[in-house]
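*Asks:* have a look; sequence and predicted model below, questions after that.
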Amino acid sequence: MTVTTEDEGTAGRPLVDPRQRGGARGTVRVVVADIGGVLCRFDPEPRLAALAERTGLPESELHERIFESGFEADCEAGRYNAEEACGWLRANVGLEGDPAEISALWTSAFTTDPEVVSALTSTGLPLAVFSNNGPLFADYFDATFPEIARLFPRRFFACHLGVRKPDTAAFEAVEAALGKEDEASADEIFFVDDNPDNTRAARFLGWRTHTFTTVDGLGEALRLW
């Protein structure tokens, strides 16, 4: 018996029922979802336009300085807190403002997808977010996205974990926390992410996964439990 999801074709192999390895396959106990590209639509263009208006720098230059320089990845990995991130932006691109103000600008690239949120909440299971976002997103998540925050009380942000997806250590940290909170073993975690590298890393640890592309595809994966 195999556990079939949309990932079966993209992964190149099915997810094997643990009973074939002599164990007992548990039911899904918790659903874990990525934010950008899953719970939220991601469009960086409005954010770049707002940054350009605030700083007077060309969008292409801002993209290079902020998002291709390694700064964003460093924020996601926990190397800056919100105040330090604002200081870096002030010093390197001339962006002025307090953390709350800059967070509002930073998160303007994300728009909640209510259909995805509804599909996941309809499972009736505990819900968690697992995201590579940095402190300007993570520290203001409740205030900026209350419609998601109230439904997803378990939050795992890379900047708080100190390691980013798809690093195995990030998944191991989340799995350990869910094991304590929800008594969920690896094969009782259902993980939704739009990045195949991330779902592949989760599958390697035994998580059930779905690589998100459409709401319909997600719905089909949920029906196949």
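*Replies:* Perfect, I can see it now. Just so it is clear, the structure is predicted and the values come from calculations on it, not from any experiment. Numbering: from 1, shown residues only.

*Asks:* quick one: Phe156 is in a strand?
*Replies:* Yes - counting by DSSP: H, G, I helix; E, B strand; the rest coil, Phe156 is found in a strand.

*Asks:* and for Val215, the neighbour number?
*Replies:* Residue neighbour count, defined by other CB atoms under 10 Å, stands at 14 for Val215. Any C-beta I mention is one placed from the backbone N, CA and C, and that applies to glycine too.

*Asks:* quick check: it touching Val116?
*Replies:* Yes - distance between Val215 and Val116: 5.9 Å, which falls inside the contact criterion (CB atoms under 8 Å).

*Asks:* quick one: Trp106 from Pro135, how far?
*Replies:* 10 Å (CB to CB, to the nearest Å).

*Asks:* these two: which is more packed in?
*Replies:* Neighbour comparison, Trp106 and Pro135: the larger count goes to Trp106, with 28 against 24 (by other CB under 10 Å).

*Asks:* from Leu151, how far out is that one?
*Replies:* Computed as CB to CB, the Trp106 to Leu151 distance reads 22 Å.

*Asks:* find the nearest non-adjacent residue to Thr74, please.
*Replies:* To be clear, residue 74 is Asp; Thr isn't right here. Using CB to CB, 6 or more residues apart in numbering and skipping the chain neighbours, the partner closest in space to Asp74 is Tyr80 (6.3 Å).

*Asks:* residues touching the nearest residue to Arg154 once chain neighbours are set aside, list them.
*Replies:* Counting by CB to CB, 6+ apart, Arg154 lies nearest to Ala128, which is 3.5 Å off, once chain neighbours are set aside. Ala128 is in contact with Val30, Val31, Val32, Ala33, Phe152, Pro153, Arg154, Arg155, Phe156, Val174, Leu178, counting by CB atoms under 8 Å, 6 or more residues apart in numbering.

*Asks:* please name the nearest non-neighbouring residue to Thr199.
*Replies:* The shortest distance from Thr199 to any residue that is not its chain neighbour, by CB to CB, 6+ apart, is 4.0 Å, and that residue is Thr209.

*Asks:* what packs against the helix or strand where the one you found lies?
*Replies:* Remark: Thr209 resides in strand 208-211, with elements defined by DSSP states H and E. When contacts are defined as 3 or more CB pairs under 8 Å, 6 or more residues apart in numbering; DSSP states H and E, strand 208-211 sits against helix 7-11, strand 189-193, helix 196-204, helix 215-223.

*Asks:* which stretches in this protein count as strands?
*Replies:* Using DSSP state E, the strands found in the chain span residues 2-3, 15-16, 30-33, 40-42, 110-112, 127-131, 154-157, 189-193, 208-211.
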